[in-house]
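Visitor: Pasting the sequence and the predicted model now:
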Amino acid sequence: MRFVRVFVLCLLPTLSVAPVVHAQPVAQVELVHAFRAAPGNPVGGLARAADGSFYGLTARLLYCVTPGGVLSVAHTFEASSTGAGTPTIAPDGIVYGTIMRANRVAVFRFDPSTSAFRILHTFDSARDGSATTDFYGRTSIGSLIIGPDGRLYGTTSGGHPALTPARYGSVFRVDPVTGAGVTLHEFSGAAPALRNPAGGLVEAGGQLYGTVQYGGTPGPVPAAAGQGGIYRLDPAAGTVTTVHLFTGTNGRNPIVGLTRTTDGLLYGTAFQHIPGGSSSASHVFRFNPQDPNGVLEVVLDPTAPPGQ
């Protein structure tokens with residue numbers, strides 16, 4: 001029997017779910033580390049380093065876990081900062097990530113070989129590309145990605161409630177060498193404008209792709225919010241383009257980002273409205289970033305009969 005080692009990152013509430021009819025057990029799970037005390041409250045997933053260790057964030061610190069399950073504190077954040085999302089590890093072993101620093105998004109750099117920690121950039125409206133934008137109140141979503149140009153890209157959700165029109169997140173870029181940061185795109189306005197990024201970015205063919213939870217096609221719950229979509233960021237031009245809008249029949253309102261497979265296709269999950277039902281199921285979709293028509297294919301539909 002093959003064993004799969006996992007790390008328990010949080011304590012989930014009891015859920016009532018329907019049986020999964022498409023999944024089959026393939027491995028036995030071994031618990032490596034459970035968070036029962038400090039430094040508990042993990043806030044994201046794990047990033048694997050070249051030596052087999054894993055890095056993650058809690059609200060108060062950056063931690064490292066060996067494959068054997070030994071946890072150590074890599075860095076403790078200052079009192080006004082809290083961890084956000086999942087770290088990203090560069091090819092040279094440097095760990096990058098985001099924290100909320102006095103309610104503003106900040107990008108950090110950590111060198112495991114020296115334990116040196118440094119804030120690369122804290123976003124501020126006066127410096128970072130828009131006189132009408134304030135990063136106060138925004139939250140970093142997902143993890144940073146190293147773009148084809150070597151710079152760091154990330155997303156935020158939320159925004160300052162006093163701004164008009166209201167802001168619903170952004171895409172940003174930070175230079176890991178100079179620490180210079182800029183807001184590349186703001187999601188703002190009512191539907192059909194896309195808003196509320198649902199996760200981080202993934203790279204495909206030199207372009208970066210992400211999902212938004214709202215905007216686009218009017219939906220059933222609630223209709224005015226829209227059903228979300230998929231967007232593309234051109235790192236060279238810094239421009240954002242809508243490449244797919246969810247319609248309900250092919251999913252709606254994704255709450256996580258995309259995953260790229262080795263064949264270059266992008267996979268994700270979205271809610272699926274059940275006509276006449278009081279709730280929604282969810283399904284897995286596949287998107288080909290090279291398709292000029294933006295066609296999305298549902299590959300796992302829990303409402304379909306078994307075997308379909």
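Guide: Ah, there it is. Numbers count the residues shown, from 1 in each chain.
Visitor: Please make it C-alpha for all contacts and neighbour counts, starting now.
Guide: OK.
Visitor: Quick check: beta-bridge partners of residue 244?
Guide: residue 230 (DSSP bridges).
Visitor: check contacts around it.
Guide: 229, 230, 231, 294, 295, 296 (Cα atoms under 8 Å, 6 or more residues apart in numbering).
Visitor: The third one and residue 77: what is the separation?
Guide: The gap separating residue 231 from residue 77 is 33 Å, by Cα to Cα, to the nearest Å.
Visitor: Looking only at neighbour counts, state which of these two leads.
Guide: residue 231 (19 against 16; other Cα atoms under 10 Å).
Visitor: which residues touch the nearest residue to the more buried one once chain neighbours are set aside?
Guide: Excluding the flanking residues, the one nearest residue 231 by Cα to Cα, 6 or more residues apart in numbering is residue 242, at 4.4 Å. When contacts are counted by Cα under 8 Å, 6+ apart, residue 242 touches 229, 230, 231, 232.
Visitor: run the last query once more with 7 Å
Guide: Applying Cα atoms under 7 Å, 6 or more residues apart in numbering to residue 242 gives the contacts 230, 231, 232.
Visitor: Wait, residue 218 touches residue 229, no?
Guide: No - in this structure, residue 218 is not within contact of residue 229 by Cα atoms under 7 Å, at 11.5 Å.
Visitor: what about the two, which has more around it?
Guide: residue 229 (28 against 19).
Visitor: how about the more buried one, what does it touch?
Guide: 211, 212, 213, 216, 244, 245, 246.
Visitor: Among those residues, name the ones in strands.
Guide: Mapping the contacts of residue 229 onto strands (DSSP state E) picks out 211, 212, 213, 244, 245.
Visitor: Is it correct that the first one is in contact with residue 195?
Guide: I take that to be residue 211. No - assessed by Cα under 7 Å, residue 211 is found out of contact with residue 195, at 9.2 Å.
Visitor: Name the nearest residue to residue 70, ignoring sequence neighbours.
Guide: residue 33 (7.6 Å).
Visitor: before we move on, which element is that neighbour in?
Guide: Residue 33 is part of strand 28-34, with elements assigned from DSSP states H and E.
Visitor: how many neighbours does residue 295 have?
Guide: Quick note: residue 295 (other Cα under 10 Å) scores 15 neighbours.
Visitor: Leaving out sequence neighbours, find the closest residue to it.
Guide: Spatial nearest neighbour of residue 295, chain neighbours left out: residue 287 (6.8 Å); criterion: Cα to Cα, 6+ apart.
Visitor: which residues does residue 197 bridge with?
Guide: residue 212.
Visitor: isn't residue 212 right up against residue 201?
Guide: No - using Cα under 7 Å, residue 212 makes no contact with residue 201, being 10.9 Å away.
Visitor: In contact with residue 58: list those residues for me.
Guide: Contact analysis of residue 58 by Cα under 7 Å, 6+ apart lists 39, 40, 41, 42, 43, 83.
Visitor: Now it: closest residue in space, sequence neighbours ignored.
Guide: Nearest residue to residue 58, sequence neighbours excluded (Cα to Cα, 6+ apart): residue 42, at 4.1 Å.
Visitor: counting contacts, what elements does the strand holding residue 33 pack onto?
Guide: Where contact means 3 or more Cα pairs under 7 Å, 6 or more residues apart in numbering; DSSP states H and E, strand 28-34 is packed against strand 3-8.
Visitor: which residues in the stretch 1-150 of the chain form strands?
Guide: 3-8, 28-34, 47-48, 54-57, 61-65, 71-76, 81-89, 95-101, 104-111, 116-122, 139-146 (DSSP state E, counting those that start in this stretch).
Visitor: Just list what the shortest one packs against, helices and strands only.
Guide: If I follow you right, that is strand 47-48. strand 54-57, strand 81-89.
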